[in-house]
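> Pasting the sequence and the predicted model now:
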Amino acid sequence: MTSLGKKYVMAVTGLILVGFVIGHMIGNLQMFLHPDWINAYAYKLQNLPYGLLWVVRLVLFAAVVAHIVTALLLVIENRRARPRGYSVDKPIQATFASRTMRYSGVILLAFIVFHILHFTTQHVHPEFRDLYRPLEGVQTMHGAYDLLEATGKNNVHDVYSMVAIGFSPQYWYVSLFYVIAMGLLFLHLSHGISSMFQSIGLRNHTWRVRLDRAALVISIALFIGFASIPVAGLLGILPYQDMVQGAHHMHPAP
Ligand code: HEM
């Protein structure tokens with residue numbers, strides 16, 4: 001693969017991943033509404049028809065693998081191309097974010113592995129698997145009652161309590177880790193999104209300035225949107241947090 005080809009792979013896989021994080025952040029902000037919102041939403045996603053959930057997971061997994069392998073290939077290629085014997089090999093115009101892409105990337109990968117064990121497979125807190133709650137009939141965008149009707153039950157996995165307990169003050173170090181990881185996500189994306197635009201061919205100066213600014217705005221919005229949840233959990237100010245404290249095993253699994 002040519003080095004331009006590799007940069008395209010970085011840009012396209014990066015775009016898929018940025019698209020996912022924007023959607024995921026918006027979905028997560030439902031933590032600031034009634035629990036029915038995020039619970040009905042999660043229920044809908046987990047019961048998507050035609051195995052679509054696994055299609056999405058597969059696409060995301062393939063994008064992450066391709067993004068990392070191509071990044072490694074680019075590092076090797078750059079190392080080969082670098083003239084030997086220079087005592088000073090620091091790029092002159094590189095920003096802090098661009099010089100630290102590989103470190104922020106590696107820590108983000110570790111974060112994603114932890115995050116999946118935390119909230120998706122729930123290996124970190126197996127008791128999260130027993131959190132169920134009936135939908136209370138709050139009008140959300142997600143319906144979910146149509147799907148539930150077919151099961152004859154009204155209990156759904158209580159994602160709201162899972163997240164509120166996962167970020168409760170007793171696990172302050174978990175919230176701290178999330179906020180640090182979101183800081184690294186900000187760093188990674190503030191450079192990543194702007195180089196994505198460049199790889200796709202938007203190199204015109206005026207546009208570069210504008211797109212760099214857009215990259216910064218998107219990265220800041222993602223940082224605030226994501227970090228607000230562990231921070232609110234840590235401060236105990238999620239709207240229904242008092243209701244879930246000590247409420248483990250409140251509703252038995254169906
Ligand atoms: C504070 C920020 C975040 C919160 C509160 C959060 C919340 C969640 C929750 C609750 C789930 C599990 C949903 C379920 O099983 O019902 C989940 C899954 C996931 N999250 Fe996050 N998330 C956050 C940040 C992130 C970030 C920054 C990334 C990526 C860089 C990410 C990537 C994922 C992935 C890949 C999954 C697994 C999806 C699946 O296959 O089921 N999350 N998140």
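Received it, and whenever you're ready, just let me know what you need. Numbering: from 1, shown residues only.

> that's a helix at residue 153, yeah?
No - applying DSSP: H, G, I helix; E, B strand; the rest coil, one finds residue 153 to be coil, outside a helix.

> quick one: it from the ligand, how far?
Look at residue 153 and the ligand: by Cβ to the nearest ligand atom, to the nearest Å, they are 17 Å apart. For glycine as for every other residue, the C-beta is placed from the backbone atoms N, C-alpha and C.

> Next, that residue: phi, psi?
Here the main-chain torsion angles of residue 153 (degrees, to the nearest 10) amount to phi -130, psi 170.

> Over to the one 5 residues further on?
Note on residue 158: its backbone torsions stand at phi -90, psi 80 [degrees, to the nearest 10].

> Quick one: residues contacting the nearest residue to residue 17 once chain neighbours are set aside.
By the measure of Cβ to Cβ, 6 or more residues apart in numbering, the closest residue to residue 17 outside its immediate chain neighbours is residue 63, 5.6 Å from it. Under the criterion of Cβ atoms under 8 Å, 6 or more residues apart in numbering, the contact list for residue 63 reads 13, 16-17.

> what does residue 171 give?
Residue 171 sits next to residue 165 when contact means Cβ under 8 Å, 6+ apart.

> Residue 143 belongs to a strand?
No - according to three-state DSSP, residue 143 belongs to no strand; its state is coil.

> For the stretch 51-200 of the chain, give me the ranges with low pLDDT.
83-93 (pLDDT under 70).

> So which of the contacts of residue 63 is the closest to the ligand?
Each of these was checked against the ligand using Cβ to the nearest ligand atom; the closest is residue 17, at 7.3 Å.

> Can you give me the neighbour number for that closest one?
As a burial measure, residue 17 scores 17 neighbours (other Cβ atoms under 10 Å).

> Check whether the helix or strand it falls within comes near the ligand.
Residue 17 belongs to helix 3-28 when elements are defined using DSSP states H and E. Yes - among the residues of helix 3-28, 21, 24, 28 lie within reach of the ligand under Cβ under 6 Å from any ligand atom.

> Would you convert those residues into a markdown table that also reports distance to residue 148, pLDDT and neighbour count?
Putting the residues of helix 3-28 next to the ligand into a markdown table (distance: Cβ to Cβ, whole Å; pLDDT from 0 to 100; neighbours: other Cβ atoms under 10 Å) gives the following:
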| residue | distance to residue 148 | pLDDT | neighbour count |
| --- | --- | --- | --- |
| 21 | 29 | 98 | 15 |
| 24 | 24 | 98 | 13 |
| 28 | 22 | 98 | 17 |
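
> of those, closest to residue 49?
Ranking those by separation from residue 49, with Cβ to Cβ as the measure, puts residue 24 on top at 20.6 Å.

> ok, back up a step: look up phi and psi at the residue nearest to residue 17.
When quoted as degrees, to the nearest 10, the phi and psi of residue 63 stand at phi -70, psi -40.

> Up against the ligand, what does the stretch 101-250 of the chain have?
Contacts of the stretch 101-250 of the chain with the ligand, taken as Cβ under 6 Å from any ligand atom, map to 112, 115-116, 119-120, 159, 163, 178, 185, 226, 229-230.

> Out of those, list just those in helices.
Residues of these located in helices (DSSP state H): 112, 115, 159, 163, 178, 185, 226, 229-230.

> quick one, phi psi at residue 156?
phi -120, psi 160.

> Now it. Nearest residue, chain neighbours left out?
Nearest non-adjacent residue to residue 156, counting by Cβ to Cβ, 6+ apart: residue 43, 4.5 Å away.

> CA atoms only for the host helix or strand of that neighbour - export them in CSV, please.
Taking DSSP H and E as the definition, one finds residue 43 inside helix 35-46. As requested, the backbone C-alpha atoms of helix 35-46 are provided in CSV (Å, rounded to 0.1, in the frame of the first residue of the first chain):
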residue,chain,number,x,y,z
PRO,A,35,-34.2,6.4,33.4
ASP,A,36,-36.8,5.3,30.9
TRP,A,37,-35.0,7.2,28.2
ILE,A,38,-31.6,5.4,28.3
ASN,A,39,-33.2,2.1,29.3
ALA,A,40,-35.7,2.0,26.4
TYR,A,41,-32.9,3.2,24.1
ALA,A,42,-30.5,0.4,25.2
TYR,A,43,-33.3,-2.1,24.9
LYS,A,44,-34.0,-1.0,21.4
LEU,A,45,-30.4,-1.2,20.4
GLN,A,46,-29.9,-4.6,22.0
